[in-house]
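Build me a model from this:
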Amino acid sequence: FIIMSITKENKTSYSHVLFETSNGDFVVELYYRHTPRTCYNMAALAEKGYYDGTVFHRIISEFMVQGGDPTGTGRGGESIYGGKFEDEITRNLKHTGAGIVSMANAGANTNGSQFFVTLKSTPFLDGKHTIFGRIYSGMGVI
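Next up is the predicted model:
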């Protein structure tokens, strides 16, 4: 997918990220109030073109789609913080249905650039993955 544009809510943070894909566009609304470092990571990577040309390398029907790895293997990716960064898990955000956007990880505090979008409610992921947004528009593309 390719990042077409991102929009600013204010001078310091982006509120939405638009992904342009070969299947159509979708927009992620970022939850800065709850997960500021994770949102900033996504927006900054998008702004510098990090996600350009990447694919959804993991697609599991009725569960989730995962992308954000420039190698396309599921083993790559890095954050803007110089490696992996800590989780920002909050009780206020849950994997309650389709369209929740969370960080993919290999365990606690191993966030980089990879993320996933849920295709249904996945409460067993609560407390394990940082939720940092939702699909604002274009869920049909996912």
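
For this structure, which segments are assigned as helices?
36-47 (DSSP state H).

Show me the strands in it, by range?
2-8, 14-21, 24-30, 58-60, 64-67, 100-103, 115-118, 131-137 (DSSP state E).

and the closest residue to residue 88 other than its chain neighbours, what is it in contact with?
Excluding the flanking residues, the one nearest residue 88 by Cβ to Cβ, 6 or more residues apart in numbering is residue 35, at 4.1 Å. From N, CA and C alone the C-beta is placed, and that goes for glycine too. By Cβ atoms under 8 Å, 6 or more residues apart in numbering, the contact list for residue 35 reads 88, 90, 93, 130, 131, 132.

In ChimeraX, how would I select just the buried ones from the residues you listed?
Entered in ChimeraX, the line below selects the buried ones among those, by 16 or more other Cβ atoms under 10 Å:
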select :88,93,130,131,132
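
Of the contacts of residue 35, which one scores lowest on pLDDT?
Across the set of the contacts of residue 35, residue 90 stands lowest in pLDDT, at 95.
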